[in-house]
Every structure is written in structure tokens, then in C-alpha cells.
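# only geometry, no sequence info:
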């Protein structure tokens, strides 16, 4: 059986039966309206991608916000005071005996670490275990001549529980380190 071009531009191979199979490559025609992505679909896709990226960024910033707050002892924070300016950070030290003064909004006191003292104004509720001589972690920033905080963590261990059993609930495990947070 002979191969015939049948008047077509490409080769035609015989197929079982009478009709030949056309293997000529076809040139693509113009895109139809359905095959082209519409402008509205493109805008929706871009908006959706932007929304997802924005949501991920928000979650990362909020989730890692506390993790990125620097933690300084009083002596370090006083030495870096010009660099810290009014940035938020955490300040750790012991409450100086005889310096606690209650105010309408909270409490003023001095905090010490390695012999360096910082003036502190804390606004907000105080943890039940707050008292002079105990270690605290404050969250806030330097304002004028003192550290102003709005969050206080009081840390104690089993030694504290043994010395002050009346200040700790019966439900607390005496072997565990407990942290009380004031909002």
C-alpha cells in the first residue's frame, strides 16, 4: 500500500480501513476567551496570595514578639541605658528592702543586681508573692530617670515555699519552680 499525501502539507499514513491518519503538526490558533485567565481571576489570586503572606507575617511577629524581647540584669541595663533608649525589654533583679512605695496605679521601688540599683515604677496589679528582697523580672522600658514596667513576673523556688508556706497555695508542688504573672 502506498502512502499518499492526499493534497495535505504533511505525510498521511494509512489506517485500517479507508480513512488515512493525518499526522501534520497543527499551528495553535488564537486563544479563546475561556483559555485566557481573566483579569478578575488574576486579581483574586494575587489578593489571596497577599492575604496568606500577610497572615503568616502577623503570626510570626505576634508569636515571636515575646521571644525577641531582650533580657538584661539591672547592671547590664543601666550600662546600656543610652543604647536601649525607650525600647521594650525585660529587666531582672532583686527588690531592695525598704524601697517599696505603693501608688494609686501600682508601686515604686528600687531593683538591684551586682550592686547596681535602678529606680522602677510598675503600673498594674502586683503578683501576690511580691515583696522586698525577692527576685523579679519586669517588662517595660526606660522613661526619663527610671524603668517603667507594665508586667511583672515573680520567681520563687522550693526554698521560698519552705520559708513562706502561708503565701503559697496548697495546690502548688513544693518541688517545682513557680512563676506568677501579673497582666
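Sure, I can see it. No experiment lies behind these values; they were computed from the predicted model shown.

# and the strand or helix carrying residue 149, what does it pack onto?
Using DSSP states H and E, the element containing residue 149 is strand 146-156. Other helices and strands packing on strand 146-156, by 3 or more C-beta pairs under 8 Å, 6 or more residues apart in numbering; DSSP states H and E, are strand 116-123, strand 135-143, strand 178-182. C-beta coordinates here come from the backbone N, C-alpha and C atoms, glycine included.

# nearest to residue 27, out of those strands?
Each of those has some distance to residue 27 by C-beta to C-beta; the shortest is strand 135-143, at 69.5 Å.

# buried residues in that closest one?
In terms of neighbour count (16 or more other C-beta atoms under 10 Å), strand 135-143 has its buried residues at 135, 136, 137, 138, 139, 140, 142.

# hmm, back to that, out of the helices and strands packed on strand 146-156, nearest to residue 41?
The minimum distance between residue 41 and those falls on strand 135-143, with 47.1 Å, by C-beta to C-beta.

# what angle do the closest one and strand 116-123 make?
Using axes from the mean of the first three to the mean of the last three C-alpha atoms, to 10 degrees, one finds that strand 135-143 and strand 116-123 are set 80 degrees apart in direction.

# which strands border strand 135-143, and is each parallel or antiparallel?
If you go by DSSP bridges, strand 135-143 pairs up with strand 89-95 (antiparallel), strand 146-156 (antiparallel).

# now for the chain, the helix or strand with the poorest mean pLDDT.
Within the chain, no helix or strand scores below strand 178-182, which has a mean of 44 by mean pLDDT, DSSP states H and E.

# ok, the nearest residue to residue 117 once chain neighbours are set aside - contacts?
Spatial nearest neighbour of residue 117, chain neighbours left out: residue 110 (5.1 Å); criterion: C-beta to C-beta, 6 or more residues apart in numbering. Contacts for residue 110 (C-beta atoms under 8 Å, 6 or more residues apart in numbering) come out as 95, 96, 99, 117, 118, 119, 120.

# could you identify the buried members of the residues you listed?
For these, a burial check counting by 16+ other C-beta under 10 Å picks out 95, 96, 99, 118, 120.

# any idea how far residue 74 is from the second one?
Separation of residue 96 from residue 74 (C-beta to C-beta, to the nearest Å) stands at 10 Å.

# what does the last one give?
The spacing between residue 120 and residue 74, counted by C-beta to C-beta, is 9 Å.

# show me whatever sits in contact with both of the two.
91, 111.

# before we move on, back to that, what's the closest of the helices and strands packed on strand 146-156 to residue 86?
Across these, closest to residue 86 is strand 135-143 (C-beta to C-beta), at 5.0 Å.

# compare the strands paired with strand 135-143 and say which comes out lowest on pLDDT.
Lowest mean pLDDT of the strands paired with strand 135-143: strand 146-156, a mean of 86.
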